[in-house]
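# Okay, sequence plus prediction incoming.
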Amino acid sequence: MPPRRRPVKSTEAVTQHHLNPNQFVDAFLSYLEAECGMSINTVKAYRNDVEQFASWMSENRIGSVLDVDLGIMSQFLQTLHERELKATTISRRLVALKMFFRYLVLEGIIAESTVDLMSSPKLWQYLPTVLSPEMVDRLLDAPTWEDSFPKRDRAILAILYATGCRASEVSGMRLRDIRLEENYCRCTGKGNKERIVNLNPFARKAIETYLEKERPKLLRNRDSEFLFLTRTGRAITRIMVWHVVKKYAARVGCSDKISPHTLRHSFATHMLAGGAEIRALQEMLGHASIRTTQIYTQVEHSRLKSIHSKCHPRG
């Protein structure tokens, strides 16, 4: 049974004050926990979303939640788009604000919520960047003897593309996770969920070469359970994986928007193009929802349309 709606306070009374969202955040979060039963992590995410909206309001000299209308919300969403946030992030932020403004209605702070009229951005409208197979080949071949740790870097690039793993999953891999004889490795994804991902011959060879030729030198007479190491023998971080991809992407002339996740997107799109079933791809990527995986069907459709337009005589 939904909570009883409290009587709306006089708008004339509350307009005398500047009602910044931050004034209501703590009470809103308590409401989410006590009455909505939301998890701690979700509540933390909602806090961040509302506080960022409050900061944006302050920057744009919007003094009160009473002033928030469809025009202001559209401006805020446009700002998020310009920051090139993922569609999923924008959608979650909008959901958080809808909940927040519903709470303000419930508390009688505002008479009605115009935020509820905003529709969430559709995922297919914001398709991820994907490299062509030819560009992937160039990227994987980019590390050379002139680099400090070319065998490690090539192995990192190879495993990112071969498995579709996230940067954090690759940086967290341990020696015991690698099964070169069986051509697979085990990775730990979001929520500490483990999954098995296959290694192609190129990735297997790159890892074997790194383990034999370079990793012993990086150990510096220490022991480490982690697969990929820094020059000091410590485990490589997610940010360092990001820098590795950026470095070689720039070398082969890729866009500066390329990141480890681009190789994950490329893996997924190329697998679909090769005939992989969507459910199998969902399992390989470690997606909790099939809807997330279905983004790549739109990417492949978009790619085929582009090829048709470019190659057809009357395209």
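Yes, it's here. Numbering: from 1, shown residues only.
# Okay, now the unreliable bits of the chain?
For the chain, the stretches flagged by pLDDT under 70 are 1-18, 119-128, 191, 298-315.
# Contacts for stretch 41-61 next, please.
Defining contact as CB atoms under 8 Å, 6 or more residues apart in numbering, one finds that stretch 41-61 is touched by 20-22, 25, 28-29, 32-33, 38, 63, 68, 75-76, 79, 92-93, 96-97, 99-100. Where you see a C-beta, it was placed from the backbone N, CA and C, and this is true even at glycine.
# I'd like to know which of those are part of helices.
Among the contacts of stretch 41-61, the subset assigned to helices under DSSP state H consists of 25, 28-29, 32-33, 75-76, 79, 92-93, 96-97, 99-100.
# Please pick the buried ones from the contacts of stretch 41-61.
Applying 16 or more other CB atoms under 10 Å to these, the neighbour count classes 20-21, 25, 28-29, 32, 38, 68, 76, 92-93, 96-97, 99-100 as buried.
# quick check, nearest of the ones in helices among the contacts of stretch 41-61 to Glu182?
Arg92 (38.0 Å; CB to CB).
# tell me the centre residue of this protein?
The centroid of the chain falls nearest to Lys86 when counting by CA atoms, centre = their mean (6.8 Å).
# now that residue: how far from Glu283?
The spacing between Lys86 and Glu283, counted by CB to CB, to the nearest Å, is 22 Å.
# okay, now the domains of the protein?
Under the assignment automatic domain parsing, the domains of the chain span 11-121, 133-310.
# Distance from the chain centre to the last one, please.
Read it as domain 133-310. Distance of domain 133-310 from its chain centroid, counting by CA atoms, centre = their mean, to the nearest Å, is 15 Å.
# can you confirm Leu218 is in a helix?
Yes - assessed with DSSP: H, G, I helix; E, B strand; the rest coil, Leu218 lies in a helix.
# who's in contact with the nearest residue to it once chain neighbours are set aside?
Once flanking residues are discounted, Leu218 sits nearest to Leu229: 4.2 Å by CB to CB, 6 or more residues apart in numbering. Contact partners of Leu229, counting by CB under 8 Å, 6+ apart, are Arg152, Arg215, Leu218, Leu219, Ala235, Ile236.
# between those, which has the most around it?
The most crowded member of the contacts of Leu229, judged by other CB atoms under 10 Å, is Arg152 (28 neighbours).
# next SSE after whichever helix or strand that residue is part of?
Assigned by DSSP states H and E, Arg152 belongs to helix 150-163. Remark: after helix 150-163, the chain's next helix or strand is helix 167-171, criterion DSSP H and E.
# which residues sit against that following helix?
With CB under 8 Å, 6+ apart, helix 167-171 has contacts from 156, 159-160, 187-189, 228, 235-238, 240-242, 245, 259-261.
# Next secondary structure after it?
Counting by DSSP H and E, the next helix or strand C-terminal to helix 167-171 is strand 178-179.
# Report the angle between the helix or strand that comes right after that next one and helix 150-163.
Past strand 178-179, further along toward the C-terminus, the next helix or strand under DSSP H and E is strand 184-188. Computed by axes from the mean of the first three to the mean of the last three CA atoms, to 10 degrees, the angle separating strand 184-188 from helix 150-163 equals 80 degrees.
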